[in-house]
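A.B. asks: would you be able to build a 3D model of this:
(chains A, B, C, D, E, F, G and H)
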Protein chains: 8
Amino acid sequence: MKAQVAILVGSDSDLPVMAKAAAALEEFDIPFTITVASAHRSPKRTITLVDSFSKQGVKVIIAAAGMAAHLAGVVAAHFQLPVIGVPLKSSALNGVDSLYSTVQMPPGIPVATVGIDSAQNAGLLAVQILATSDNELKKKIIAYKKSLAEKVEKKAKILEDKGISQYINEHLKNS
Amino acid sequence: MKAQVAILVGSDSDLPVMAKAAAALEEFDIPFTITVASAHRSPKRTITLVDSFSKQGVKVIIAAAGMAAHLAGVVAAHFQLPVIGVPLKSSALNGVDSLYSTVQMPPGIPVATVGIDSAQNAGLLAVQILATSDNELKKKIIAYKKSLAEKVEKKAKILEDKGISQYINEHLKNS
Amino acid sequence: MKAQVAILVGSDSDLPVMAKAAAALEEFDIPFTITVASAHRSPKRTITLVDSFSKQGVKVIIAAAGMAAHLAGVVAAHFQLPVIGVPLKSSALNGVDSLYSTVQMPPGIPVATVGIDSAQNAGLLAVQILATSDNELKKKIIAYKKSLAEKVEKKAKILEDKGISQYINEHLKNS
Amino acid sequence: MKAQVAILVGSDSDLPVMAKAAAALEEFDIPFTITVASAHRSPKRTITLVDSFSKQGVKVIIAAAGMAAHLAGVVAAHFQLPVIGVPLKSSALNGVDSLYSTVQMPPGIPVATVGIDSAQNAGLLAVQILATSDNELKKKIIAYKKSLAEKVEKKAKILEDKGISQYINEHLKNS
Amino acid sequence: MKAQVAILVGSDSDLPVMAKAAAALEEFDIPFTITVASAHRSPKRTITLVDSFSKQGVKVIIAAAGMAAHLAGVVAAHFQLPVIGVPLKSSALNGVDSLYSTVQMPPGIPVATVGIDSAQNAGLLAVQILATSDNELKKKIIAYKKSLAEKVEKKAKILEDKGISQYINEHLKNS
Amino acid sequence: MKAQVAILVGSDSDLPVMAKAAAALEEFDIPFTITVASAHRSPKRTITLVDSFSKQGVKVIIAAAGMAAHLAGVVAAHFQLPVIGVPLKSSALNGVDSLYSTVQMPPGIPVATVGIDSAQNAGLLAVQILATSDNELKKKIIAYKKSLAEKVEKKAKILEDKGISQYINEHLKNS
Amino acid sequence: MKAQVAILVGSDSDLPVMAKAAAALEEFDIPFTITVASAHRSPKRTITLVDSFSKQGVKVIIAAAGMAAHLAGVVAAHFQLPVIGVPLKSSALNGVDSLYSTVQMPPGIPVATVGIDSAQNAGLLAVQILATSDNELKKKIIAYKKSLAEKVEKKAKILEDKGISQYINEHLKNS
Amino acid sequence: MKAQVAILVGSDSDLPVMAKAAAALEEFDIPFTITVASAHRSPKRTITLVDSFSKQGVKVIIAAAGMAAHLAGVVAAHFQLPVIGVPLKSSALNGVDSLYSTVQMPPGIPVATVGIDSAQNAGLLAVQILATSDNELKKKIIAYKKSLAEKVEKKAKILEDKGISQYINEHLKNS
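C.D. replies: Numbering: from 1, shown residues only, chains lettered A, B, ... in the order given. As a prediction, the model looks like this:
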């Protein structure tokens, strides 16, 4: 199927973190593509890719980068539809540099920024964006949110039954 | 027309900043509604509002708040579609508190965060989200982006003609 | 006995840190309850819980969360009595995000915030609050404070006797 | 009437900010006392005051200080009941120094910290603490919270009626 | 004469700050060009400009931008010779965002970053770079540095003669 | 009389802030000298000055500088006796840059750092250092500390008599 | 011999870091005493200790603490002579909290602050303070500084002879 | 061959990080020298070295230091040509202290600052500076940049072929 979302990573070393964005898209059966494109080391490829995504009908781009994270901003400068930026915790500054470089965009060119290393939320946000015109998808999100609440309730039930010491021993020791 | 976007502000004192979000939506002819709803002072109203927006077919909610800015997160907990968070610079910490409180959401509940006080970008991001299923809107965004580039080029031309001193005197003195 | 304090954690992974809050309450024989409730993943349950605590006569709620830590604020919006917030060090930002999200509450809705990961102090603060109307408890706190001072004095005595090198070797090597 | 709350300020220049704590206590008819006591310039007086408050039956102390804000911590070291710390925005660092100096207390000696310059919330937190053993006071807090929500709703109504431009012109121009 | 240095500003509102970079180049008789080019609003023009500077023999580019300051990085991605980045203090974060966005470049693509708003130093650094192959310029820098030292000495002499109070009254009151 | 303390400022624009260091030394009748010496613009003069102070019997040097504040560190590298560093709030970063540049000295070369813009405390610290071998001076410090406490007590008395509103109106309105 | 310097640690867990302060004093044959005294857990003992040090002729107190590090400030409030503060890196905030709590003292009560965990520099600063009235000690400091420079030169010589790769292999692999 | 670049490290423990600067220079066949010189522990040697580099025709100095990183600034005060500063992540503050101490230079004395621990970029920036007057070197940089882009494209191709899971397993597991 034709990709509706494209995931761009600034470096292949970002892939283990960004795997959760891919997993979130897979969970909601969203066709997507993922590739490497550095705003700094392969700038022309990056622009070519964005233009090509635009023509292929990609509706959302997720861009992840660390340090002076320009990737999402550069992509947003060339793309008409939503760009989601994922600041990565890959530097001495623990991702504050990436966060500021991603979120503090000048007027006219927004980047929808999620938390540091929050790849899963980037994927879910893409799903929510697609769901604005897809009622089936919206229903799946409602179900997903319900499942989140149920997981919390299930854990709460066990904790209330067993008490904190037993819960920690049985459920958290190997995490 | 039925509102496609809802703007929520945590306090009416946030309205002058958020007027730019409204202006951006108006520029693209997006029907929207705007109201006040505090996550902390009127928590029940906030949840009722979100449920009501959901039923009325609102597709994107923009939530703006300062300090420990919980509004966007609380809205996102109750809404299935995209929530855009605008951290406001209203505190002693110049908005770093609002930024962290808005963007660092836990897994499962994303907030699409824009820069501190970036109301205009919040509006534009909402437009981009709606444009994922609206080709006319997408064309307007392309035209908008072209106009941004042309404004830069026009200023550049004047600067190159007049030189920096004359440009500053004639074009920036009253700003 | 009827719980006087309720401890809420945003995620079960916070329990090992928060065990010290429970221990502090146990040390002072304060009946308490502990459960999981996410402001974002199970928002309705959270509000229901707070209302239920209110009816059962809970006098203090301790709420612990990491990242954009909204739990204490959301609880405070719905509870009339003191809410103690424990910002957790669970993110890339080492808890600064949680601290700001917990302490920088808007006018009208305070959260009594303790230090990052300071679960023990959250428990002790709850005890102090209960002691404002319980003289026996107040006496226990006086005794507790005295024991803290005595522990310092005892260590000081050993250090003065043995000197710093021997003290480090004998008392700190396995810590 | 005998003071139930004592407000301590590190410097008389902190009084304009802290007047809101006094106002909050007055709004709830809580008898209180307010005085100046520096942890650094008048350390002995500070300790004597705390001991005297303890004997007079003061149940909560609010301590406000800026910069390396030690006042709340020093008071907490000598007091058995809750100490509320208000970090003040009086330095080059905009109160981050005061916040860290107030909230990051070591194990054993909690300070219930509110936001930077959040004097009103300090007063309200003191009221909530007293309300743990005073049902009349608890009812007043419920009424107060209801009034907060009503104020939000009233403003929301006007905003929805008039629209954002008119609201800003009529209600926010002189603020 | 053919420009040896090009100054790029992300917005014309940056010109008053960047005038000092131009003044520094003029003081050393370095031919330069200055124009506006936004990495985000006019991305294609920016790349075209850099390629054109490259062909015209420009040896150093100074790029100034605020917020998520991507301009210097984008220019560096396309230019083979030194790029000097000037982070601007134009946002809620006082330029920390611009500084991190400019200096924290990934391996392979350096940006020679100067201090926040340090336009004069950007100009001087460009002069120093050109002086690595121009002995006359190097001599001018030596003379310039000598003049800096002499200015300090002259002020020191007046201060030592007049004393601090008179110096402040006569020399600093109107600054 | 022979100077016992030397005050160095990195720029004459720092003199209004540093006048309080001079005033503190005058209050304790400490002979001192003050001059301008930049670690960066007049590096050789700075070293010559330090050597000359050393020979003249100066016992403490106070060095004040802003931004990347190297002055205190450079002085400490050349001086055998205590160097007090005063970080100045002169930059976009409000003095955090100066603070870190002054206090975070490597092993072997300490700088006794005071707070940002804390010129008065720098003067008092120099007095305390000289008092380690001067009993008369030590007595003056005891008297000075007593006067600080008395000032606090006097203000406290007025506040307790007049109440907070009247105190603010009569004593703080023109400050 | 009578102690000239007293080292106070807020907790015995700080001793391994502070051992370097003791070692520096020993290297210069300065008699000193070291003990534990918490500003918060044993406040009365702390004040008693300071008064006793004052009477015994202690000339400098080194106070080390982490988190909301009040120890140095509390000691300075009670001591007439220099207090050196060592902020410790013991918290989630890596010592920024301790640094601000130690250095940002209010006017009138300075603390001579060294870098985070810089115990050795605290010891050396105490030695420099004592050397203001002890020429033999001053000569030892001159010799110490010379030895620091010689160590650098020796390493530089080896590096220049062997080259960087061999130096790293032979001299740094086990560090 | 005569050194065109000199690398100075503040401590030999910085050599493993700075080896990448040396490697970058070697990759472009730039003759260089490397040595240890502390701004604080061997200040006179540092100045002598800079003067000697100046006479020997060194065109760029790279200076690397941690904490209150004064080395680059001190070198820049004495050198006429470009000084590149590398802030090192060696302290409790993860290099923010070094970054501010290096980049926030006062007017007149620029330091071309690269990212924290960005030794490779420091080397490449030196190469770019030399290439402003060396066309062969400029061609090598063009080739180098092309190789960076090709590496990205090659990785992208593998990722597109294998998919993210297989890529992570085969190419990133041992990194």
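A.B. asks: run the chain-centre distance for the helix or strand hosting A:Lys157.
C.D. replies: For A:Lys157, the host element (DSSP states H and E) is helix A:135-162. How far helix A:135-162 lies from its chain's middle: 21 Å, per Cα atoms, centre = their mean, to the nearest Å.
A.B. asks: can it be said to contact chain C?
C.D. replies: Yes: Helix A:135-162 reaches chain C (Cβ under 8 Å from any Cβ of the partner chain) through A:145, A:148-149, A:151-153, A:155-156, A:159-160. Every C-beta, even on glycine, is put in place using the N, C-alpha and C of the backbone.
A.B. asks: quick one: buried residues of the helix or strand that comes right after that helix?
C.D. replies: Next in sequence after helix A:135-162, counting helices and strands by DSSP H and E, comes helix A:164-167. Within helix A:164-167, the residues that count as buried by 16 or more other Cβ atoms under 10 Å in any protein chain shown are A:164, A:167.
A.B. asks: now check helix A:164-167, is it near chain C?
C.D. replies: Yes: looking at helix A:164-167 against chain C by Cβ under 8 Å from any Cβ, the contacts come from A:164-165, A:167.
A.B. asks: which strands or helices does that helix pack on?
C.D. replies: helix C:15-27 (3 or more Cβ pairs under 8 Å, 6 or more residues apart in numbering or on different chains; DSSP states H and E).
A.B. asks: which positions in the helix it packs on come out as buried?
C.D. replies: Neighbour-count burial for helix C:15-27, counted by 16+ other Cβ under 10 Å, picks out C:15, C:17-22, C:24-25.
A.B. asks: contacting residues for the most centrally placed residue in chain A?
C.D. replies: Among the residues of chain A, the one closest to the centroid is A:Ala122, at 2.1 Å (Cα atoms, centre = their mean). Contacts were defined as Cβ atoms under 8 Å, 6 or more residues apart in numbering or on different chains; by that measure A:Ala122 touches A:21, A:24, A:62, A:64, A:84, A:86, A:114, B:110.
A.B. asks: and what of A:Val111?
C.D. replies: A:63, A:72-73, A:76, A:83-85, A:102-103, A:105, B:114, E:68.
A.B. asks: show me chain A divided up by domain.
C.D. replies: Domain ranges of chain A: A:5-133, A:136-172, per automatic domain parsing.
A.B. asks: need the ones you listed in TSV (columns: mean pLDDT).
C.D. replies: As requested, the domains of chain A are exported to TSV (pLDDT from 0 to 100):
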stretch	mean pLDDT
domain A:5-133	97
domain A:136-172	96
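A.B. asks: can you redo the ones you listed as a markdown table with distance to H:Ser42?
C.D. replies: What follows is those, written out as a markdown table (distance: least, Cβ to Cβ, whole Å):
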| stretch | distance to H:Ser42 |
| --- | --- |
| domain A:5-133 | 27 |
| domain A:136-172 | 52 |
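A.B. asks: ranking those domains by burial, who's on top?
C.D. replies: domain A:5-133 (a mean of 25; mean count of other Cβ atoms under 10 Å in any protein chain shown).
A.B. asks: between the two ends of that domain, how far is it?
C.D. replies: End-to-end distance of domain A:5-133 (Cα to Cα, to the nearest Å): 15 Å.
A.B. asks: near chain C, which residues of chain A?
C.D. replies: So chain A meets chain C at A:89, A:94-96, A:115-117, A:145, A:148-149, A:151-153, A:155-156, A:159-160, A:164-165, A:167-168, A:171-172, A:175 (Cβ under 8 Å from any Cβ).
A.B. asks: how does it look with 7 Å?
C.D. replies: Applying Cβ under 7 Å from any Cβ of the partner chain, one finds that chain A approaches chain C through A:89, A:94-95, A:115-117, A:148-149, A:152-153, A:155-156, A:159-160, A:164, A:167-168, A:171-172, A:175.
A.B. asks: all helices of chain A, in order?
C.D. replies: Here chain A has its helices, by DSSP state H, at A:15-27, A:43-56, A:71-78, A:96-103, A:119-131, A:135-162, A:164-167.
A.B. asks: quick one: which of those is nearest H:Thr132?
C.D. replies: helix A:43-56 (21.4 Å; Cβ to Cβ).
A.B. asks: tell me if I'm right that A:Val75 and A:Ile61 touch.
C.D. replies: Yes: using Cβ atoms under 7 Å, A:Val75 is in contact with A:Ile61, at 5.5 Å.
A.B. asks: joint contacts of those two?
C.D. replies: Common neighbours of A:Val75 and A:Ile61 (criterion: Cβ atoms under 7 Å, 6 or more residues apart in numbering or on different chains): A:8, A:83.
A.B. asks: compare the domains of chain A and report which one is nearest to E:Asp134.
C.D. replies: domain A:5-133 (29.7 Å).
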